[in-house]
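S.K.: next input, structure requested:
(one chain, ligands or ions: 1)
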Amino acid sequence: MISIARPQIGPEEEAAVLGVMRSGMLAQGEQVAAFERGFAEVCGVSEAIAVSSGTAALHLALLAHGIGPGDEVITSPFSFAATGNTILLVGATPVFVDIDPDTYNLDPELVERAITPRTKAIMPVHLYGNPADMDRLVPLAQSRGLVIIEDACQAHAAAIHGRPVGSFGTGAFSFYPTKNITTGEGGAITTNDPAIAEKVRLLRSHGQKERYNHVALGYNLRMTDLQAAIGVVQLGKLAGFTEKRIANAAYLNERLAGVVKTPTVLPGHKHVYHQFTIRVPGDRDAFARALNERGVGTGVHYPRPIHQQPVYQEMGFALSLPVAEQAAREVLCLPIHPALSDDDLATIAREVTALTEQPVGR
Ligand SMILES: Cc1ncc(COP(=O)(O)O)c(C=O)c1O
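M.R.: Next comes the predicted model:
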């Protein structure tokens with residue numbers, strides 16, 4: 001089976017982890033600082049703060065901006081649940097607006113219509129590594145005095161007109177094993193605002209200004225040096241991984257042109273293909289099973305929009321967001337990771353084409 005994701009961990013990462021284990025400095029040592037410097041450079045920002053997960057990054061970004069009870073945050077329903085959950089976890093209200101039918105990212109027009117006096121922030125998601133429409137969202141946020149928190153968990157090194165995502169507002173990234181680079185579990189907040197960086201650093205580590213001087217109620221959401229050591233090596237490989245993902249996608253886009261629909265990439269946007277996603281109108285799950293039987297792994301990101309998750313239904317999110325709901329029924333992710341061989345890519349294109357010509361379960 002051609003796997004849907006495969007972390008690219010080699011002897012360099014192994015040696016780096018061993019080095020940390022032998023150093024005796026397992027937490028908040030040189031590796032975390034080096035990873036933060038390197039990741040800030042990738043994102044074109046002055047500061048990156050490493051944390052334990054992408055969820056922690058979103059959570060601390062919201063807290064650092066003072067977002068809490070009574071505040072509304074406009075975001076996408078077509079994302080991983082952590083996007084909405086972190087808004088709820090700080091006591092604020094997620095306001096889900098529908099996605100654009102072509103990019104699957106937030107529709108800026110609907111965002112504008114959803115702004116109320118309670119709105120504090122817009123949280124666009126750069127879904128699948130395809131940047132959201134920041135050319136429209138940034139001026140909108142600026143004109144209304146709103147904060148932008150980018151859920152860039154899937155979009156390492158994605159960019160718009162050469163400017164990396166995570167630099168348009170406060171960025172939140174994940175380094176989960178399936179992501180474009182990994183630290184096992186891990187996350188980072190990116191910012192050009194020293195005050196936000198300082199708040200995030202405080203909240204990440206028990207609100208301590210210096211050791212045993214607690215000036216805020218904080219958490220322990222730190223990244224270990226073992227994780228950061230993996231991250232430092234991965235950072236050195238990021239450009240190569242990204243190039244390969246983009247080349248793999250170019251091949252599949254060419255072979256599957258006119259066969260299946262894929263998300264639109266806006267002009268000047270650099271999509272880094274965390275996922276390569278096709279639309280399967282009809283019985284998507286039967287199509288996926290047939291593809292699996294032919295040796296091609298698949299994923300569904302995401303089968304249910306956030307507002308339709310049981311926990312949100314219980315909270316009374318009785319919304320109708322038809323574009324996101326239809327996408328959830330139809331999307332299917334194909335393998336795109338950097339370890340795919342030319343043969344793998346040819347197999348994926350051939351089998352998807354064959355199944356589309358002989359529809360399954362439709
Ligand atoms: C869009 C999005 N937001 C948030 C997260 C949460 O990141 P993590 O799993 O590292 O907590 C993820 C990761 O799965 C994600 O894809």
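S.K.: contacting residues for residue 25?
M.R.: Contacts here follow CB atoms under 8 Å, 6 or more residues apart in numbering; on that basis residue 25 touches 31, 225. Where C-beta positions appear, they are placed from N, C-alpha and C, glycine not excepted.
S.K.: distance of it relative to the ligand?
M.R.: Distance check for residue 25 against the ligand: by CB to the nearest ligand atom, to the nearest Å, it reads 24 Å.
S.K.: likewise for residue 124?
M.R.: Counting by CB to the nearest ligand atom, the gap between residue 124 and the ligand amounts to 10 Å.
S.K.: do the same with residue 147
M.R.: The span separating residue 147 from the ligand equals 17 Å under the rule CB to the nearest ligand atom.
S.K.: same deal with residue 254?
M.R.: According to CB to the nearest ligand atom, residue 254 stands 27 Å off from the ligand.
S.K.: got the phi and psi for the closest residue to the ligand within the chain?
M.R.: The ligand sits closest to residue 54 of the chain, with a gap of 2.5 Å, by CB to the nearest ligand atom. When quoted as degrees, to the nearest 10, the phi and psi of residue 54 stand at phi -70, psi -40.
S.K.: wait, it sits on residue 171?
M.R.: No. Distance between residue 54 and residue 171: 10.6 Å, which falls outside the contact criterion (CB atoms under 8 Å).
S.K.: residue 50 reaches residue 32, doesn't it?
M.R.: Yes. Using CB under 8 Å, residue 50 is in contact with residue 32, at 5.3 Å.
S.K.: and the two? Which one has more around it.
M.R.: Counted by other CB atoms under 10 Å, residue 50 and residue 32 do not tie: residue 50 has more neighbours, with 30 against 24.
S.K.: now for that one: which residues touch it?
M.R.: Shown here is residue 50, whose contacts under the criterion CB under 8 Å, 6+ apart are 32, 35, 36, 39, 186, 187, 188, 222, 223, 227, 228, 231.
S.K.: chain center to the helix or strand harbouring it: distance?
M.R.: Under the assignment given by DSSP states H and E, the secondary-structure element containing residue 50 is strand 47-51. Computed by CA atoms, centre = their mean, to the nearest Å, the chain-centroid distance of strand 47-51 equals 16 Å.
S.K.: is any part of it close to the ligand?
M.R.: No. Counting by CB under 6 Å from any ligand atom, the ligand has no neighbours in strand 47-51; the shortest distance is 9.2 Å.
S.K.: tell me the first helix or strand C-terminal of that strand.
M.R.: Along the chain past strand 47-51, the next helix or strand (assigned with DSSP H and E) turns out to be helix 54-64.
S.K.: and that following helix, average pLDDT?
M.R.: Confidence over helix 54-64, taken as the mean pLDDT, stands at 99.
S.K.: what is it packed up against?
M.R.: Taking 3 or more CB pairs under 8 Å, 6 or more residues apart in numbering; DSSP states H and E as the contact definition, the neighbouring helices and strands of helix 54-64 are strand 47-51, helix 82-89, strand 147-151, strand 170-174, strand 187-191, helix 194-204.
S.K.: can you give me the angle the third one makes with strand 170-174?
M.R.: In other words, strand 147-151. Counting by axes from the mean of the first three to the mean of the last three CA atoms, to 10 degrees, strand 147-151 lies at 10 degrees to strand 170-174.
S.K.: what's the offset of strand 147-151 from the middle of its chain?
M.R.: If you compare the mean C-alpha spot of strand 147-151 with that of the full chain, they lie 12 Å apart, counting by CA atoms, centre = their mean.
S.K.: quick one: it to strand 187-191, angle?
M.R.: Going by the same axes, to 10 degrees, strand 147-151 is angled at 150 degrees with respect to strand 187-191.
S.K.: mean confidence score for strand 147-151?
M.R.: For strand 147-151, the mean confidence score works out to 99.
S.K.: show me the contact partners of it.
M.R.: 58, 61-62, 65, 67, 73, 75-76, 79, 83, 120-126, 132, 137-138, 141, 165-166, 168-172.
S.K.: phi first, then psi, for residue 209.
M.R.: Main-chain dihedrals, residue 209, degrees, to the nearest 10: phi -80, psi -50.
S.K.: please work out how many residues are found near it.
M.R.: Applying other CB under 10 Å, we find 13 other residues in the vicinity of residue 209.
S.K.: what of the one 10 residues further on?
M.R.: Neighbour count for residue 219, taken as other CB under 10 Å: 16.
S.K.: then residue 97?
M.R.: Residues lying near residue 97 (other CB under 10 Å) number 23.
S.K.: what do you get for residue 278?
M.R.: Applying other CB under 10 Å, we find 21 other residues in the vicinity of residue 278.
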